[in-house]
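>>> The following comprises the amino acid sequence and a computationally predicted model.
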Amino acid sequence: MKLRLLLISGIAAVCIFAGCGGGKADYKDGTYEGKSSVFEGEEEDGSGAGYGVVSLTLEGGKITAAEFTTYEPDGTLKDSEYGKQDGEIANQDFYNKAQRAVQASSKYADRLVEVGNLADVDCITGASISYKEFQEAVNDALDKAQGK
């Protein structure tokens, strides 16, 4: 497992990279869904709490399509409403932070298809919790593609 420190705009973010296995894995073609464990938010505002779900399509042992979505612990999709309280923006900074995380986390799946290896998908500042969820969900889906 590699540990990489990213410095972006003076903000340090530590991201742990996990590979998709040590050697050449035998994946069965098809579409597989993986889910991460539920992360409980560490901050007082509960930000980041939830889980991620990935859908991977494999052809010829390679990832040809991927989608990643994140959800609140109760199963509510994190979308344009994420960060609001009772449908209203109660705290603009919190809402902006939540929306940046939603937008950034959606880029993980595209990057995975582009590079073909989870270890080569970099963590995006502002979506590091989603990155951990993405890793877990991808590994879950790949385990299923191997028949585990």
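Everything's here; your move.
>>> from here on, contacts and neighbour counts on C-alpha atoms
Fine.
>>> dump the residue contacts of Asp74.
Taking C-alpha atoms under 8 Å, 6 or more residues apart in numbering as the criterion, Asp74 is in contact with Gly50.
>>> what's the pLDDT at Gly41?
Looking at Gly41, its pLDDT is 70.
>>> I'd like to know how many residues surround it.
Residue neighbour count, defined by other C-alpha atoms under 10 Å, stands at 14 for Gly41.
>>> Next, name the residue at the spatial heart of this structure.
For the chain, the residue whose C-alpha lies nearest the mean C-alpha position (C-alpha atoms, centre = their mean) is Phe134; its distance is 2.7 Å.
>>> packing partners for the host helix or strand of it?
If you go by DSSP states H and E, Phe134 is part of helix 128-145. Applying 3 or more C-alpha pairs under 8 Å, 6 or more residues apart in numbering; DSSP states H and E, we find helix 128-145 packed against strand 30-35, strand 51-59, helix 92-105.
>>> now that helix, how far from the chain's geometric center?
Taking C-alpha atoms, centre = their mean, to the nearest Å, one finds helix 128-145 lying 7 Å from the centre of the chain it belongs to.
>>> Check stretch 68-85 too.
How far stretch 68-85 lies from its chain's middle: 13 Å, per C-alpha atoms, centre = their mean.
>>> what are the C-alpha coordinates of that stretch, in PDB please?
Presented in PDB, the C-alpha positions along stretch 68-85 are these (Å, rounded to 0.1, in the frame of the first residue of the first chain):
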ATOM      1  CA  PHE A  68     -19.800   6.000  -8.800                       C
ATOM      2  CA  THR A  69     -22.600   7.400  -6.600                       C
ATOM      3  CA  THR A  70     -22.500   8.400  -3.000                       C
ATOM      4  CA  TYR A  71     -25.300   8.200  -0.500                       C
ATOM      5  CA  GLU A  72     -26.100   9.500   3.000                       C
ATOM      6  CA  PRO A  73     -26.300   6.800   5.700                       C
ATOM      7  CA  ASP A  74     -30.100   6.600   5.300                       C
ATOM      8  CA  GLY A  75     -29.800   5.800   1.600                       C
ATOM      9  CA  THR A  76     -30.500   9.400   0.300                       C
ATOM     10  CA  LEU A  77     -28.500  10.100  -2.900                       C
ATOM     11  CA  LYS A  78     -25.900  12.900  -2.500                       C
ATOM     12  CA  ASP A  79     -27.000  15.200  -5.200                       C
ATOM     13  CA  SER A  80     -27.700  18.900  -5.600                       C
ATOM     14  CA  GLU A  81     -29.700  18.800  -2.400                       C
ATOM     15  CA  TYR A  82     -26.800  17.400  -0.400                       C
ATOM     16  CA  GLY A  83     -25.700  19.900   2.200                       C
ATOM     17  CA  LYS A  84     -29.100  21.500   2.700                       C
ATOM     18  CA  GLN A  85     -31.100  21.300   5.800                       C
END
